[in-house]
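**Student:** I'll drop the sequence and a predicted model, then ask my questions.
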There are 2 protein chains.
Amino acid sequence: LRYWWVNHSQTAREELDGGYLWSPLREANGARSQFYDNMRIAESGDVVLSFSNGLIHHHGRVADFAVISPKPNSFDSIDNNWSASGWMLPVEWKAFATPVRPKERISELAPLLPKKYSPIHPISGNGNQKAYLAEIGAPVFEYLMRRAGLSDESFAEVGVTNGLALSNVDKSIESQISQDVTLDSTTQQQLVLARQGQGLFRSRVLELEKACRLTSIDNPSLLIASHIKPWRICETAGERLDGANGLALAPHVDRLFDRGLISFTDSGRVLVSPRLNDLDLKRLGLFEACTMGCASFSKRQAAYLEFHRTHVFLQTIQS
Amino acid sequence: LRYWWVNHSQTAREELDGGYLWSPLREANGARSQFYDNMRIAESGDVVLSFSNGLIHHHGRVADFAVISPKPNSFDSIDNNWSASGWMLPVEWKAFATPVRPKERISELAPLLPKKYSPIHPISGNGNQKAYLAEIGAPVFEYLMRRAGLSDESFAEVGVTNGLALSNVDKSIESQISQDVTLDSTTQQQLVLARQGQGLFRSRVLELEKACRLTSIDNPSLLIASHIKPWRICETAGERLDGANGLALAPHVDRLFDRGLISFTDSGRVLVSPRLNDLDLKRLGLFEACTMGCASFSKRQAAYLEFHRTHVFLQTIQS
């Protein structure tokens, strides 16, 4: 369990209403940012304090790993400097009855703040300019919860907005597709079906991939046509419908691949994320298959696999 | 591979455009009908000839097992005697360049027709009143394909409308939900999220079911909240959001359960469909778990399980 603090910029309302956090992959100049990398470190059950306009006014619980996602539509009018691809972290938010103003308590807070990557300045109490998602540790969190008159149990409740954020992103992409006058209606339909691994995309994948890479399942009704570069982040109709951008996987293998818990090298070695533990892999009956690997991939598949390894696969936790 | 003949009623256009066949579960008087039961016998790869207005004008390839589905919206204005629940069989259709009129060739066709459950009368050549989906055997099929100047290879092509029919049903239900003034907008949102096993439905299921019934997986990011009575056919908002109408299953177990390839007795014995072969079950690593079974189900779960065993589970082929 980790404790986080987010400094929303102008998009606090969109993020709170939508049940998520969203950040670019990197800074505008291309540099890595720990505050953006943290989006991929946060995981289900972690808690987040939401800070904007000088107030901590919501707490939240991370509902799932971050996934790569286009910038939510609602951001378009606010800040066009952000790149179009980023991390979307699903978070269940809950408003404080009484928001807390950290600046008023900065002398008590300062000794609890992290020395590096602090979300606010330990003297002024103002939000640090470049900070987005910052790890704060239990003491800061517990101090502010006490200030707000809340106990830890407030977090025990299960989330009900889980899935909403990504579902809204998908809907907005579908609506862009159906309004794209450069596409005929059959293509529009096939692009939407491709999201579910159905239609033209599926038949193209099954032409290239006859069986699941890890289980050898070749019964079509047990195979899922899974995008290598996710549908959500594909840049063109061509990528969304490209058979080389797909693998035919048994449903549990599809899940691991889709969530970035496994990936493949071009030569067919299986990469297992440190986020996936051996017991789960054994329960899924996939431990040996992951050790064995599979046949190598075509050049065209390899190009998509590189994207998967970089932006979907959950690599070593760096922080 | 089986050969089928369908006598469309007034809904030929909807079924051809939509990429499916749809029949009620039973006749209007509650009696079973072989022509409706055939909907569940047909499977992926089977071929179908489409007959209406005296002509065979399309051939098709079954894309997947039939699933229980509400009557497609487009039927509403045509025939209100049909019950609201039925079988939807996804079919990839292709029009004949030259339709064939069987009546003109009835003397040659008659000896090839099945003696029982024939789709047309062997003397008059008219469609049999009660026939919907009838099995015809290879000779009738081949005779009519020759008449239409087509070879068997016409069927080799892979399908691209697969998934369209069910996706359209789901969309139409979602649109009904969002127009239902008796539901507040939060409930509407939760009902739509429930289709994907997300949101309130998911959290309610995970309160009752802590781990997958067959794999013991208890990692939430590997569990799918799966409806026992399918979302598509639930009659009320309550059923769609009822935690007792769900199981938390690993993705491959979810697939088998969702497709009716496995089901459960109330006491936790696993029923394996004759449509699922042992090799596939072994490749999925579930053969032993299916032999072992699981803990028994609650009374409220058992009510939904009865529906699953009757209307989702693919039982013995009876024909």
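**Tutor:** Thanks, I have the structure now.
**Student:** Spell out the residue ranges of the strands in chain A.
**Tutor:** A:3-7, A:20-24, A:47-52, A:55-62, A:67-70, A:85-100, A:133-135, A:224-227, A:246-249, A:262-264, A:270-272 (DSSP state E).
**Student:** Give the other helices and strands that the last one contacts.
**Tutor:** Think strand A:270-272. With contacts defined as 3 or more C-beta pairs under 8 Å, 6 or more residues apart in numbering or on different chains; DSSP states H and E, strand A:270-272 has these neighbours: strand A:262-264, helix A:287-292. Placement of C-beta: from N, CA and C, glycine included.
**Student:** low-confidence ranges in chain A?
**Tutor:** In the predicted model, chain A carries pLDDT under 70 at residues A:76-83, A:152-161, A:316-319.
**Student:** I'd like to know how many residues surround the closest residue to residue A:105 other than its chain neighbours.
**Tutor:** Leaving aside its chain neighbours, residue A:105 sits nearest to residue A:147 (6.6 Å; criterion: C-beta to C-beta, 6 or more residues apart in numbering or on different chains). Applying other C-beta atoms under 10 Å in any protein chain shown, we find 19 other residues in the vicinity of residue A:147.
**Student:** Enumerate the residues of the stretch 201-319 of chain A near chain B.
**Tutor:** Residues of the stretch 201-319 of chain A lying close to chain B (C-beta under 8 Å from any C-beta of the partner chain) are A:202-203, A:206-207, A:212, A:215-217, A:219-222, A:250-252, A:254-256, A:259, A:261, A:277, A:280, A:283-286.
**Student:** Can you say which of those are buried?
**Tutor:** Buried members of these, counted by 16 or more other C-beta atoms under 10 Å in any protein chain shown: A:202-203, A:206, A:212, A:215, A:217, A:219-222, A:250-252, A:254-256, A:259, A:261, A:280, A:283-286.
**Student:** what bridges to residue A:227?
**Tutor:** residue A:246 (DSSP bridges).
**Student:** From what I see, it and residue A:241 are in contact.
**Tutor:** No: between residue A:227 and residue A:241 there is no contact under C-beta atoms under 8 Å: 10.2 Å.
**Student:** Compare those two (neighbour count), which wins?
**Tutor:** residue A:227 (26 against 21).
**Student:** okay, and the common contacts of residue A:227 and residue A:241?
**Tutor:** Residues touching both residue A:227 and residue A:241 by C-beta atoms under 8 Å, 6 or more residues apart in numbering or on different chains: A:194, A:201.
**Student:** need the helices for the stretch 101-250 of chain A, in chain order.
**Tutor:** Taking DSSP state H, counting those that start in this stretch, the helices of the stretch 101-250 of chain A run over residues A:106-109, A:137-147, A:164-178, A:185-195, A:199-208, A:237-241.
**Student:** I'd like the distance from the second one to the chain centre, please.
**Tutor:** Once both centres are worked out by C-alpha atoms, centre = their mean, to the nearest Å, helix A:137-147 turns out to sit 26 Å from its chain's centre.
**Student:** Show me what counts as buried in that helix.
**Tutor:** Residues of helix A:137-147 classed as buried: A:140-141, A:143-145, A:147 (neighbour count, 16+ other C-beta under 10 Å).
**Student:** Check the last one too.
**Tutor:** Judged by neighbour count using 16+ other C-beta under 10 Å, the buried positions of helix A:237-241 are A:237, A:239-241.
**Student:** Give me the residues contacting it.
**Tutor:** With contacts defined as C-beta under 8 Å, 6+ apart, helix A:237-241 is touched by A:183, A:187, A:190-191, A:194, A:200-201, A:204, A:227, A:229, A:231, A:234, A:245.
**Student:** Nearest to residue B:300 among those residues?
**Tutor:** Minimum distance to residue B:300 across these is 36.6 Å, recorded for residue A:231 (C-beta to C-beta).
**Student:** Now the closest one. Nearest residue, chain neighbours left out?
**Tutor:** residue A:195 (4.8 Å).
**Student:** rewinding a little: could you dump the helices and strands packed on strand A:270-272 into CSV with mean neighbour count added?
**Tutor:** Listed next are the helices and strands packed on strand A:270-272 as CSV, based on neighbours: other C-beta atoms under 10 Å in any protein chain shown:
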stretch, mean neighbour count
strand A:262-264, 24
helix A:287-292, 15
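**Student:** As TSV, the ones you listed with distance to residue B:173 would be great.
**Tutor:** Below are those laid out as TSV (distance: least, C-beta to C-beta, whole Å):
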stretch	distance to residue B:173
strand A:262-264	34
helix A:287-292	38
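**Student:** and the stretch 1-150 of chain A, which residues reach chain B?
**Tutor:** Going by C-beta under 8 Å from any C-beta, the residues of the stretch 1-150 of chain A near chain B are A:44, A:64-65.
**Student:** Need the buried ones from those residues selected in ChimeraX.
**Tutor:** The following ChimeraX line selects those of the residues of the stretch 1-150 of chain A next to chain B that are buried, judged by 16+ other C-beta under 10 Å:
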select /A:64,65
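**Student:** what residues are up against the residue in the stretch 201-319 of chain A that chain B sits nearest to?
**Tutor:** Chain B sits closest to residue A:285 of the stretch 201-319 of chain A, with a gap of 2.4 Å, by C-beta to the nearest C-beta. Going by C-beta under 8 Å, 6+ apart, residue A:285 touches B:215, B:284-286.
**Student:** Now do the phi/psi pair for it.
**Tutor:** Main-chain dihedrals, residue A:285, degrees, to the nearest 10: phi 70, psi 30.
**Student:** what about the residue lying closest to residue A:138 once chain neighbours are set aside, distance to residue A:62?
**Tutor:** Spatial nearest neighbour of residue A:138, excluding adjacent residues (C-beta to C-beta, 6+ apart): residue A:3 at 5.7 Å. Distance, residue A:3 to residue A:62, using C-beta to C-beta, to the nearest Å: 11 Å.
**Student:** Isn't residue A:268 up against residue A:293?
**Tutor:** Yes: applying C-beta under 8 Å, one finds residue A:268 in contact with residue A:293, separated by 4.8 Å.
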